[in-house]
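Asker: no sequence for this one, just the structure:
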């Protein structure tokens, strides 16, 4: 299945008009023609079946013929709050793979040891969108704008929140915790969370966790967390 994305399509939509770039891709690259079926998702759990009624490389139009509501492939809500990596391609890799596995929300947290303080999310959104379509997901992960670590902790209200840091402390593994259906996991920068940040997390009763014996890169730790939660909730 070739999956397309249109955030504005909904159950009352009758016709979809593709922009010039999308129309060129559909007609010239994919060689679609009038009468061909296109599959479109709005990233909100719906799959729309549409038929091309006007195939032009400057303005392709398709008519909605049916739709299905698609349940997520995972039965939990996962939020990863991760420090952006100095090498942005490593963060892009994490976003791509996490989307393929299954994730609901990502927040970029700016920490005291962060080597990258500014992130442009426009390209990151494209990475997520491409991974969602490639892996045939119908729910698009939410990417939040960067926020200071302490501000994030002060605003979050999720009781099931964990922090993965490298300091010596009593830590739990995710499999040893009586988990519910909603998770927030904090992943620090290359230089780890600072002692002040760890103390702040402790003061808010955020549970320290281990992701294994190896010292992991930021993006690897994020993906290990995503994968652990996925396996712990698999039948």
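Answerer: Everything's here; your move. Predicted model only: the values in this text are computed from it and were never measured.
Asker: could you pull out the strands for the chain?
Answerer: Taking DSSP state E as the test, the strands found in the chain are 3-5, 15-17, 37-41, 46-54, 61-69, 77-82, 105-110, 142-148, 161-164, 182-187, 207-208.
Asker: Kindly reformat the ones you listed as a markdown table containing mean pLDDT and mean neighbour count.
Answerer: Where you see a C-beta, it was placed from the backbone N, CA and C, and this is true even at glycine. Listed next are the strands of the chain as a markdown table, based on pLDDT from 0 to 100; neighbours: other C-beta atoms under 10 Å:
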| stretch | mean pLDDT | mean neighbour count |
| --- | --- | --- |
| strand 3-5 | 94 | 17 |
| strand 15-17 | 95 | 15 |
| strand 37-41 | 97 | 19 |
| strand 46-54 | 97 | 18 |
| strand 61-69 | 97 | 15 |
| strand 77-82 | 96 | 22 |
| strand 105-110 | 98 | 20 |
| strand 142-148 | 97 | 14 |
| strand 161-164 | 94 | 22 |
| strand 182-187 | 93 | 23 |
| strand 207-208 | 94 | 16 |
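Asker: Any idea which of those strands gets closest to residue 130?
Answerer: With C-beta to C-beta as the measure, strand 3-5 is the member of these nearest residue 130 (9.3 Å).
Asker: residues in contact with that closest one?
Answerer: For strand 3-5, the external contacting residues (C-beta atoms under 8 Å, 6 or more residues apart in numbering) are 22, 38, 39, 40, 41, 42, 43, 129, 132, 133, 136, 140.
Asker: And the closest residue to the first one other than its chain neighbours, how far from residue 112?
Answerer: If you skip the residues right next to it in sequence, residue 22 has residue 60 as its closest partner in space, 6.9 Å away by C-beta to C-beta, 6 or more residues apart in numbering. When C-beta to C-beta, to the nearest Å is the yardstick, residue 60 and residue 112 sit 49 Å from each other.
Asker: next one: residue 177
Answerer: Distance of residue 177 to residue 112, computed by C-beta to C-beta: 27 Å.
Asker: Check the burial of residue 173 by counting its neighbours.
Answerer: Using other C-beta atoms under 10 Å, residue 173 is surrounded by 12 other residues.
Asker: Quick one: residues contacting the nearest residue to it once chain neighbours are set aside.
Answerer: The shortest distance from residue 173 to any non-neighbouring residue, by C-beta to C-beta, 6+ apart, is to residue 210 (5.7 Å). Contacts for residue 210 (C-beta under 8 Å, 6+ apart) come out as 164, 171, 172, 173.
Asker: Check the gap between residue 210 and residue 101 for me.
Answerer: Going from residue 210 to residue 101 by C-beta to C-beta gives 20 Å.
Asker: that older thread, out of residue 60 and residue 112, which sits in the busier spot?
Answerer: The residue with more neighbours, out of residue 60 and residue 112, is residue 60; 24 against 17, by other C-beta under 10 Å.
Asker: Now that one: phi and psi?
Answerer: Phi and psi for residue 60, reported as degrees, to the nearest 10, are phi -100, psi 140.
Asker: Report the contact partners of it.
Answerer: Shown in contact with residue 60 (C-beta under 8 Å, 6+ apart): 17, 18, 22, 23, 26, 27, 32, 52, 54.
Asker: repeat that with 10 Å
Answerer: When contacts are counted by C-beta atoms under 10 Å, 6 or more residues apart in numbering, residue 60 is found next to 16-20, 22-27, 32, 34, 38, 52-54.
Asker: and what of residue 185?
Answerer: So residue 185 contacts 78-82, 160-164, 174, 207, 209, 211, 221-222, 224-226, 228-229 (C-beta under 10 Å, 6+ apart).
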